[in-house]
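J.: The following block contains a protein sequence and its predicted model.
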Amino acid sequence: MNPSTPDGEVVGKGNEVTAVLPGVRVDFAEFVRTALPGLLRYGHALTGNPHDAADLVQTVLEKVGSRWAAVLRKDVDPLAYTRRAMANAHISVWRRLRRERLVADLPDVVAETTDRLEHEPLWQALRDLPPRQRAVVVLRFYEGLSEREIADALGISPGTVKSQNSKAMATLRSKLGEGG
């Protein structure tokens, strides 16, 4: 395949898959280099702590990287695709962890981790939101995406984005004591 072909081919050898777009080459390593800081911030806002965020980002990037050629062939923004995968993975983990787990013996010592935002009222209120509402709020106000971009990133309709944002804002206002 000719890497200078302007018709949007996907070329590569082994793990070095590159998209050939009109005048643009996007390889996975470059995508990770440029997107990683924003993905870690997004993951931190989704999960509530930097350690879980790093785990979430790593897990999703492993999956996206193994399917990079297919992602590029789908004609979608790889960053939006990755954000959507992160939101879906976080929601799946949240659902799994939400289930009650019975144990025979209680642990003697609880491991404590401190987060500098742990006692911030806004952070606590944001962390208490359901995962989809939190994802919408983070993408809207932290990442600065439009309603259409959020809808595309999460695979939901713009109307759902609006309703989830409205519910989240009402919850945050009531928890933070702001009247209206």
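T.: Thanks, I have it. In this text the structure is predicted, and so the values were computed from the model without any measurement. Numbering: from 1, shown residues only.

J.: Look at P78 and report its pLDDT.
T.: We have a pLDDT of 91 for P78.

J.: what residues are up against it?
T.: Counting by Cβ atoms under 8 Å, 6 or more residues apart in numbering, P78 touches V26, F31, A35, V64, V71, L72. The C-beta positions use only the backbone N, C-alpha and C, and glycine is treated the same way.

J.: Buried ones among the residues you listed?
T.: Neighbour counting with 16 or more other Cβ atoms under 10 Å marks V26, F31, A35, V64, V71, L72 as buried within these.

J.: ok, which pair from these is furthest apart?
T.: A35 and L72 (14.1 Å; Cβ to Cβ).

J.: R134 contacts R140, doesn't it?
T.: No. Here R134 lies out of contact with R140, judged by Cβ atoms under 8 Å, at a distance of 10.8 Å.

J.: Same drill for the two, tell me which one is more crowded.
T.: R134 (23 against 19; other Cβ atoms under 10 Å).

J.: Now name the helix or strand holding that one.
T.: Assigned by DSSP states H and E, R134 belongs to helix 131-137.

J.: what helices or strands is that helix leaning on?
T.: Helix 131-137 sits against helix 28-47, helix 78-98, helix 121-127, helix 147-154, helix 158-176, with contacts defined as 3 or more Cβ pairs under 8 Å, 6 or more residues apart in numbering; DSSP states H and E.

J.: Now it: buried residues?
T.: P131, R132, Q133, R134, A135, V136, V137.

J.: now swap in stretch 65-81 and tell me
T.: By 16+ other Cβ under 10 Å, the buried positions in stretch 65-81 come out as G65, W68, V71, L72, P78, L79, A80, Y81.

J.: tell me how far that stretch is from the chain's mean position?
T.: Centroid separation for stretch 65-81 versus its chain: 15 Å, with Cα atoms, centre = their mean, to the nearest Å.

J.: And stretch 152-168, by the same measure?
T.: With Cα atoms, centre = their mean, you get 15 Å for stretch 152-168.

J.: swap in stretch 62-81?
T.: From the chain centre to the centre of stretch 62-81 is a distance of 14 Å (Cα atoms, centre = their mean).

J.: Using the record's assignment, carve the protein into domains.
T.: 25-105, 119-179 (the TED database).
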